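Trainee: model this:
(chains A and B)
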Amino acid sequence: MIKLENISKIYPPDIKALYKVNLHIKPGEFVSIVGRSGTGKTTLVKLLIGEERPSQGKIIVGGWDITNIGQAEVPVLRRQIGVVFQDFKLLNRKTLFENVCFALQVCGEPQSKINGIVPQVLKIVGLENKMHRYPSTVSGGEQQRAVIARALVHRPKILLADEPTGNLDSINADEIIEILQKINKFGTTVLLVTHNRDVVNKLRKRVITIENGLIVGDQAVGKYIL
Amino acid sequence: MFLLSILRVIKFSLQDFVRNIWLSVITIIIIVLALISVNLLLVVKVLGTATVNAVKEKVDISLYLKSESEESRILALRSKISSLGSVQEVIYISKQEAIDSFREKHKNNPEILAALLELGRNPLSPSLVIKPKDINNYEELIVSLNKIDDQLIESRNFDDHRAMLAKVNDITEKASRVGLAISLLFILITILVVYNTVRVAIYTHKREIGIMKLVGASNWFIRAPYLISGIIYGFLGVVAIIIILYPLLSFIQPYLEVFFYGFKVNILEYYNSNFFTIFGLEFLAVTLVNFLASLVAVGKYSKV
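Mentor: Numbers count the residues shown, from 1 in each chain, chains lettered A, B, ... in the order given. Have a look, this model is predicted:
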């Protein structure tokens, strides 16, 4: 599903965010990418969503070589990858329902389809009773669930979650991880980027450890070892 | 799907317009100022042309003939003058035509008409009105006409209007140049303001644009609302200029009629008969300027 071959990302003058990274993630896997802050985890996410181009190497996502993806093709890629960030990225002037709708509206989906899909995904993340509330009136965990719902509306094959529990307490964090596991069970490949030791250790899934831009660990059923 | 996207883009544009209402109002005011200067330039041009035509009419040379002249001899003289190289046209005005024209011209002046009646006869002479081919060859024409020594000619009106004509041409040209400079200045200001408006709008929506990109919105979908906002600014600017200009033109029209007494100068009629050409072109020009300014601003500042 995701293949990184000899990937390096070097920022001027000579900052190696990632260096000769080789990685293969199979369809349907749940993979945690762990590491301290500034080790290159977010750079990896940016490369996968086409926000950055690698300095060297080759990236293949779902059989598509996105190494030198054109600007016009980036939206197509992003409709295939759901992304969840630590800072939610919700529009405060829209309700949770409207925020999720927005992802389909900007892609030109008909309103009838939007009205069918959006309540479904909001139900998956447990927001069916709060869908008409504004982000500022719900908890951080609920905001993050809305973001996950928004990421799911395109029915992506891959879900990238970059520190999704970073702004949440442990109870809300557990709930988010549970939702991610539920999504994974439906067949979506989940890439969880985190430095939350407890979350990773409870998951008992594949763990890839990055340190100073290098992969220093790749365990099939791993723990947070740093 | 495309139509749906267009409708959503228009909706987002209108939202953007309303959410940044003061910025929108200022942009439209600048567009209106630019259009005022352009229309001022147009009015100066129209009036300048009217003035030049008015003076040109006076440049015609008149040969006044003796009252008892035979028509056949007058026509022979007309043919002779027509054959001169510097003559464009020779018009024969008979005694009767002269008096008819005189009566028409003074129909609102009963004293003159009464005096004419008291006189009991037609006091006017027949005349030949000579239109020169080129105003610059006026002198040459006068020399040629002076060489014609015909007993029929009673008097010759050879006043040289070239100096006046040159002056009017000069003033019109200078006014046009100043107007053009002002128009260019306002157009430049318009470009800068629209560019800045779009830039600020994009900064305001940086977060929204980021989210749109994140969820897979195409670049077209992100850019189009700002481009459509530019078109809305242009449209409202032109509507505003129509609302401002017409009362203004109605106000100055009576003064123009007094100033150009005896000549047909109707600026309102000019605008009415060229309404779609004038305002259509202004809308197209403003929209093009807005579109280009928006395109540059979006291209430069929407990379988030």
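
Trainee: tell me which stretches of chain A form strands.
Mentor: Applying DSSP state E to chain A gives strands spanning A:2-11, A:15-25, A:30-34, A:56-61, A:64-65, A:81-85, A:158-162, A:189-194, A:206-211, A:214-219.

Trainee: dump those to JSON lines, plus mean pLDDT, distance to chain B and mean neighbour count.
Mentor: Yep, even glycine has a C-beta here, placed from its N, CA and C like the rest. Output for the strands of chain A, formatted as JSON lines (pLDDT from 0 to 100; distance: least, CB to the nearest CB, whole Å; neighbours: other CB atoms under 10 Å in any protein chain shown):
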{"stretch": "strand A:2-11", "mean pLDDT": "93", "distance to chain B": "17", "mean neighbour count": "18"}
{"stretch": "strand A:15-25", "mean pLDDT": "92", "distance to chain B": "20", "mean neighbour count": "18"}
{"stretch": "strand A:30-34", "mean pLDDT": "94", "distance to chain B": "19", "mean neighbour count": "24"}
{"stretch": "strand A:56-61", "mean pLDDT": "94", "distance to chain B": "14", "mean neighbour count": "18"}
{"stretch": "strand A:64-65", "mean pLDDT": "91", "distance to chain B": "14", "mean neighbour count": "12"}
{"stretch": "strand A:81-85", "mean pLDDT": "90", "distance to chain B": "6", "mean neighbour count": "25"}
{"stretch": "strand A:158-162", "mean pLDDT": "93", "distance to chain B": "11", "mean neighbour count": "23"}
{"stretch": "strand A:189-194", "mean pLDDT": "94", "distance to chain B": "15", "mean neighbour count": "24"}
{"stretch": "strand A:206-211", "mean pLDDT": "93", "distance to chain B": "23", "mean neighbour count": "20"}
{"stretch": "strand A:214-219", "mean pLDDT": "90", "distance to chain B": "26", "mean neighbour count": "15"}
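
Trainee: for chain A, give me the ranges with low pLDDT.
Mentor: A:226 (pLDDT under 70).

Trainee: what of the stretch 51-200 of chain B?
Mentor: The low-confidence ranges in the stretch 51-200 of chain B, as defined by pLDDT under 70, are B:55-59, B:135-136, B:157-165, B:168-169, B:172.

Trainee: coming back round to it: indicate which one of the strands of chain A is closest to A:Val118.
Mentor: Nearest to A:Val118 among those is strand A:81-85 (14.3 Å), distances taken as CB to CB.

Trainee: stretch B:211-228: end-to-end distance?
Mentor: Criterion CA to CA, to the nearest Å; first-to-last residue distance in stretch B:211-228 is 20 Å.

Trainee: identify the residue nearest the most centrally placed residue in chain B in space, chain neighbours excluded?
Mentor: Central residue of chain B (CA atoms, centre = their mean): B:Val46, 3.3 Å from the mean position. Here the nearest residue to B:Val46 in space, its sequence neighbours aside, is B:Tyr270; by CB to CB, 6 or more residues apart in numbering or on different chains that works out to 5.6 Å.

Trainee: how many neighbours does the one you found have?
Mentor: Neighbourhood size, B:Tyr270 [other CB atoms under 10 Å in any protein chain shown]: 17.

Trainee: just the pLDDT for it.
Mentor: Each residue has a pLDDT score; the one for B:Tyr270 is 91.

Trainee: secondary structure element for it?
Mentor: Assigned by DSSP states H and E, B:Tyr270 falls within helix B:267-273.

Trainee: now the stretch 1-150 of chain B against chain A: closest residue?
Mentor: Across the stretch 1-150 of chain B, no residue is closer to chain A than B:Ser5, which sits at 4.3 Å (CB to the nearest CB).

Trainee: so which elements touch the longest helix anywhere in chain A?
Mentor: When chain A is parsed with DSSP state H, its longest helix is helix A:170-185. If you count contacts as 3 or more CB pairs under 8 Å, 6 or more residues apart in numbering or on different chains; DSSP states H and E, helix A:170-185 packs onto strand A:30-34, helix A:111-124, helix A:140-152, strand A:158-162, strand A:189-194, helix A:197-203.

Trainee: list the buried residues of it.
Mentor: A:Asn172, A:Ala173, A:Asp174, A:Glu175, A:Ile176, A:Ile177, A:Ile179, A:Leu180, A:Ile183, A:Asn184 (16 or more other CB atoms under 10 Å in any protein chain shown).

Trainee: which residues are in contact with the second one?
Mentor: This points to A:Ala173. With contact set as CB atoms under 8 Å, 6 or more residues apart in numbering or on different chains, A:Ala173 has these partners: A:Gly141, A:Thr165, A:Asn196, A:Val199.

Trainee: now residue 2: closest residue in space, sequence neighbours ignored.
Mentor: All of this refers to chain A. Distances taken as CB to CB, 6+ apart put A:Ile25 closest to A:Ile2, at 4.1 Å, once the chain neighbours are dropped.

Trainee: switch to chain B, that's the one I care about
Mentor: Closest to B:Phe2 by CB to CB, 6+ apart is A:Gly108, at 7.5 Å.

Trainee: can you count the residues close to A:Ile49?
Mentor: 22.

Trainee: you'd agree A:His132 is up against A:Thr95?
Mentor: Yes. Under the criterion of CB atoms under 8 Å, A:His132 makes contact with A:Thr95 at 5.1 Å.

Trainee: and stretch A:31-44, which residues are buried?
Mentor: A:Val31, A:Ser32, A:Ile33, A:Val34, A:Gly35, A:Thr39, A:Gly40, A:Lys41, A:Thr42, A:Thr43, A:Leu44.

Trainee: first to last residue in that stretch, what's the distance?
Mentor: Stretch A:31-44 end-to-end distance (CA to CA) = 13 Å.

Trainee: distance from the chain centre to it, please.
Mentor: 12 Å (CA atoms, centre = their mean, to the nearest Å).

Trainee: residues contacting residue 137?
Mentor: This is for chain A. No contacts exist for A:Thr137 under CB under 8 Å, 6+ apart.

Trainee: let's do chain B instead
Mentor: B:Ser86.

Trainee: secondary structure class for it?
Mentor: Here B:Asn137 is helix, with the state taken from DSSP: H, G, I helix; E, B strand; the rest coil.

Trainee: please name the residues that touch A:Ser8.
Mentor: Contacts of A:Ser8 by CB under 8 Å, 6+ apart are A:Lys16, A:Leu18, A:Tyr19, A:Lys20, A:Val21, A:Pro54, A:Ser55, A:Gln56, A:Gly57.

Trainee: after the longest helix along chain B, which helix or strand is next?
Mentor: In terms of residue count, the longest helix belonging to chain B (DSSP H) is helix B:162-204. Sequence-wise, the next helix or strand downstream of helix B:162-204 (DSSP H and E) is helix B:206-214.

Trainee: which SSE is immediately downstream of that next one?
Mentor: helix B:219-259.

Trainee: report the mean per-residue pLDDT for that next one.
Mentor: Averaged across helix B:219-259, pLDDT comes to 88.

Trainee: got the angle for that helix vs helix B:162-204?
Mentor: 150 degrees (axes from the mean of the first three to the mean of the last three CA atoms, to 10 degrees).

Trainee: what angle separates helix B:219-259 from helix B:206-214?
Mentor: 130 degrees.

Trainee: ok, the nearest residue to A:Ser55 once chain neighbours are set aside - contacts?
Mentor: Nearest non-adjacent residue to A:Ser55, counting by CB to CB, 6+ apart: A:Ile10, 4.5 Å away. Counting by CB under 8 Å, 6+ apart, A:Ile10 touches A:Lys16, A:Ala17, A:Tyr19, A:Ser55, A:Gln56.

Trainee: looking at these, which is nearest B:Leu214?
Mentor: A:Ala17 (20.4 Å).

Trainee: first-to-last residue distance for stretch A:96-114?
Mentor: End-to-end distance (CA to CA), stretch A:96-114: 14 Å.

Trainee: cool, stretch A:197-215 as well?
Mentor: 17 Å.

Trainee: next one: phi and psi at B:Asn266?
Mentor: Dihedral angles of B:Asn266 (phi, psi; degrees, to the nearest 10) stand at phi -130, psi 100.
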